[in-house]
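1. Fold the following, please.
(chains A and B)
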Number of protein chains: 2
Amino acid sequence: MHDDPYDLPAAAQRIGPYVRRTAVMRCRTFDRMAGAHLYLKTENLQTGGSFKVRGATNAVMMLADAEVRHGVVTHSSGNHAQAVALAAAARGVAALVVMPEGSNAAKVAAVRGYGAKITWCDNNDKARSSAANKIRREHGAALIHPFNDARVIEGQGTAALELLEEVDDLDAVIAPVGGGGLLAGACLAAAGHRRTVEVIGAEPRLADDAYESMRTGILQPQRPPATIADGLRTGLGELPFSILHTGVRQIVLVDDAQILEAMRLCWQRAKLVVEPSGAVALAAALWADLDMKSKHVGIILSGGNVDLCRNELCHFWR
Amino acid sequence: MHDDPYDLPAAAQRIGPYVRRTAVMRCRTFDRMAGAHLYLKTENLQTGGSFKVRGATNAVMMLADAEVRHGVVTHSSGNHAQAVALAAAARGVAALVVMPEGSNAAKVAAVRGYGAKITWCDNNDKARSSAANKIRREHGAALIHPFNDARVIEGQGTAALELLEEVDDLDAVIAPVGGGGLLAGACLAAAGHRRTVEVIGAEPRLADDAYESMRTGILQPQRPPATIADGLRTGLGELPFSILHTGVRQIVLVDDAQILEAMRLCWQRAKLVVEPSGAVALAAALWADLDMKSKHVGIILSGGNVDLCRNELCHFWR
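-> Sure, this is the predicted structure:
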């Protein structure tokens, strides 16, 4: 399966100097609740606050000098924007990030803090991608797509790769699915592993396009952005879908109330700040209809970028 | 200095099977703010949510079978209660914990969850210690004092010991001071280290009895419990004071506003849930009048037990 274009160990080596090998943590409370052995891959503690820096860095480092001479460009209101800003800074090139008006102030500040130049656009997909394409044409900057890019998928796969290296006897890995880069990367990591590991996707019920795409075998369009897991509102990408198609055992759905409860448990019991999207895989391990009894299950806590203003917190804990 | 009664490496080995070797984390934002290299010892990720399990486990494991036959007893409304409950469970003996009426519900649930039996008492120091002494006399249970106990101090010292082992070139270690067990333990760890490491205490200005004790050379009484750092409201103990007297370079004071801001930074940037007391050493590194420029400084994030109810959070982020 996709053996040729992807080389995860090479990606891991390439991005090694720029990203963290995040800790794998245990929590007795979660194990008891799940009736299984859970291994939490803490990508919320990753540089930039999410796994996204893995894929962005891999992509940016693989570009030829000539391609990257005029910088890199992307469009994102979220974690990928910070990741590209960090990757460009590591490579020493300019980062041009298209962000929609009204983006979260903390994320805007972080993107700026990492040295990127922000271009504002209207808050819809068309405006975003046309603004990014305009910059690409006019500046000659290289576009780094958040998930529909083999180099990005390869980079994201290093999270699951590290988990499989560190916990030798894993039976399954659960990763959240939005655009599908992280989950597709986990499929690649599992495919290269010496023993069978089931890869399971976890998706908010209010953004179930990946679930429906797998069920019907046809890529389904993005849902309206209703789930609290803002990082997973994106529609599944074509390239990730082609990998999930054969690599994923199943995608399970979780409710927003379960996502919030899993997030609260992470904060309260594991003392880890995770964002709603970052708690989706844990919610699946705790409450989805999965036969995980006594199994060893890797859980990717994908990110921790929440805005700790009072309104947001009181929204979570209302 | 106190070479004889304390053997930290032996304590580390004794408690090794029951406690976590917590990760040492870095955060570029904090380094930039402090103008120094900060190494965060994440005791908020420790079993039971704080360093307290180190000292309690060391004390409980050092008791002879005859001493521990009727269980152990302590009085605490906070992290030490959970720690003794965990330590007793590890030894396989009963834990009797005296808690004041009105204790935080999350902490009560955690103490019960670890299998301890709770005895309620009025919410003042006299009622607590007389209830614990009554249990000691009537049940023959062994009393585990939270800090005025050499075995407890030795156990707490293993946190700094691990930090010194892991970061070879530390110039200083900053630890919070309440009863003084953790800071005294850090003094013992530094005294046994092969190079000079300055030990610095960080204390809330609203609970500055340790600062005043060091300044005057005479143990000062506990202050009214006004600081938000509830874990540090306790008065400095006699035994810790005798160790700090020669082992600590200085104690610095931080305001409650700085404690809250350091706590917010931990959550927002490092993605670590720390309690107010757990952020006091970081607050000192960032804002106290310390000459730390370009130095390598260990910071003990001592605990993460906050109640994530809406009221509490909105209190922190008002």
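2. what's the helix or strand for the residue of chain A most remote from its centre?
-> No residue in chain A sits farther from the centre than residue A:138, which is 29.5 Å out by C-alpha atoms, centre = their mean. Taking DSSP states H and E as the definition, one finds residue A:138 inside helix A:125-139.
3. The spatially most central residue of chain A: which element?
-> Taking C-alpha atoms, centre = their mean, the centroid of chain A lies closest to residue A:182, which sits 4.9 Å from it. Using DSSP H and E, residue A:182 falls within helix A:181-191.
4. How far off centre is that helix?
-> Centre-to-centre, helix A:181-191 and its host chain are 11 Å apart (C-alpha atoms, centre = their mean, to the nearest Å).
5. what do you get for stretch A:49-68?
-> Worked out by C-alpha atoms, centre = their mean, stretch A:49-68 lies 15 Å from the chain centre.
6. now swap in stretch A:253-267 and tell me
-> Counting by C-alpha atoms, centre = their mean, stretch A:253-267 comes out at 17 Å from the chain centroid.
7. touching chain B at all, that stretch?
-> Yes - residues of stretch A:253-267 are located near chain B by C-beta under 8 Å from any C-beta of the partner chain, namely A:264, A:267. In short, each C-beta sits where N, CA and C put it, glycine included.
8. Dump the C-alpha coordinates for that stretch into PDB.
-> What follows is stretch A:253-267, C-alpha atoms only, in PDB (Å, rounded to 0.1, in the frame of the first residue of the first chain):
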ATOM      1  CA  LEU A 253     -18.600   9.100  15.500                       C
ATOM      2  CA  VAL A 254     -18.700  10.900  18.800                       C
ATOM      3  CA  ASP A 255     -21.100  13.600  20.000                       C
ATOM      4  CA  ASP A 256     -20.100  17.100  20.900                       C
ATOM      5  CA  ALA A 257     -21.100  16.400  24.500                       C
ATOM      6  CA  GLN A 258     -18.700  13.500  24.600                       C
ATOM      7  CA  ILE A 259     -15.900  15.600  23.000                       C
ATOM      8  CA  LEU A 260     -16.400  18.200  25.700                       C
ATOM      9  CA  GLU A 261     -16.400  15.600  28.500                       C
ATOM     10  CA  ALA A 262     -13.200  13.900  27.100                       C
ATOM     11  CA  MET A 263     -11.600  17.300  26.900                       C
ATOM     12  CA  ARG A 264     -12.600  18.100  30.500                       C
ATOM     13  CA  LEU A 265     -11.200  14.700  31.700                       C
ATOM     14  CA  CYS A 266      -7.900  15.500  29.900                       C
ATOM     15  CA  TRP A 267      -7.600  18.800  31.700                       C
END
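9. list the buried ones in that stretch?
-> Neighbour-count burial for stretch A:253-267, counted by 16 or more other C-beta atoms under 10 Å in any protein chain shown, picks out A:253-254, A:256, A:258-263, A:265-267.
10. Show only the entries of the residues you listed found in strands.
-> Counting by DSSP state E, these place A:253-254 in strands.
11. and which of the buried residues of stretch A:253-267 is nearest to residue B:92?
-> Nearest to residue B:92 out of these is residue A:265 (C-beta to C-beta; 28.1 Å).
12. show me the contacts for the closest one.
-> A:29-30, A:279, A:282, A:286 (C-beta atoms under 8 Å, 6 or more residues apart in numbering or on different chains).
13. Give me the subset of those lying in helices.
-> Using DSSP state H, the subset of the contacts of residue A:265 located in helices is A:29-30, A:282, A:286.
14. Filter these down to the buried ones.
-> Buried residues within the ones in helices among the contacts of residue A:265, counting neighbours by 16+ other C-beta under 10 Å: A:30, A:282, A:286.
15. re earlier: so how far is the helix holding residue A:138 from its chain's centroid?
-> For helix A:125-139 - counting by C-alpha atoms, centre = their mean - the centre lies 23 Å from the chain centre.
16. strand partners of the helix or strand following that helix, parallel vs antiparallel please.
-> Next along the chain after helix A:125-139, taking DSSP H and E as the criterion, comes strand A:142-143. Partners of strand A:142-143 in the sheet, by DSSP bridges, are strand A:72-75 (parallel).
17. what comes into contact with the next helix or strand after the partner strand?
-> With elements assigned by DSSP H and E, the helix or strand that comes after strand A:72-75 is helix A:79-91. Applying C-beta under 8 Å, 6+ apart, the contact partners of helix A:79-91 are A:18, A:47-50, A:52-57, A:59-61, A:63, A:68, A:71-72, A:74, A:76, A:94-95, A:97, A:99, A:107, A:110-111, A:114-116, A:144, A:146, A:231, A:303, A:305.
18. repeat for stretch A:201-219
-> So stretch A:201-219 is in contact with A:174-178, A:180, A:183, A:220-223, A:225-229, A:232-233, A:235-236, A:238, A:241, A:244-245, A:248, A:250-256, A:259, A:280-281, A:283-284, A:288, going by C-beta under 8 Å, 6+ apart.
19. So which bits of the stretch 151-300 of chain A are right by chain B?
-> A:264, A:267-268, A:270-274.
20. Most neighbours of all these, which one?
-> residue A:274 (31 neighbours; other C-beta atoms under 10 Å in any protein chain shown).
21. got a pLDDT number for that one?
-> pLDDT, residue A:274: 97.
22. if I pick it, what's in contact with it?
-> A:44, A:263, A:266-267, A:282, A:301-304, A:306, B:271.
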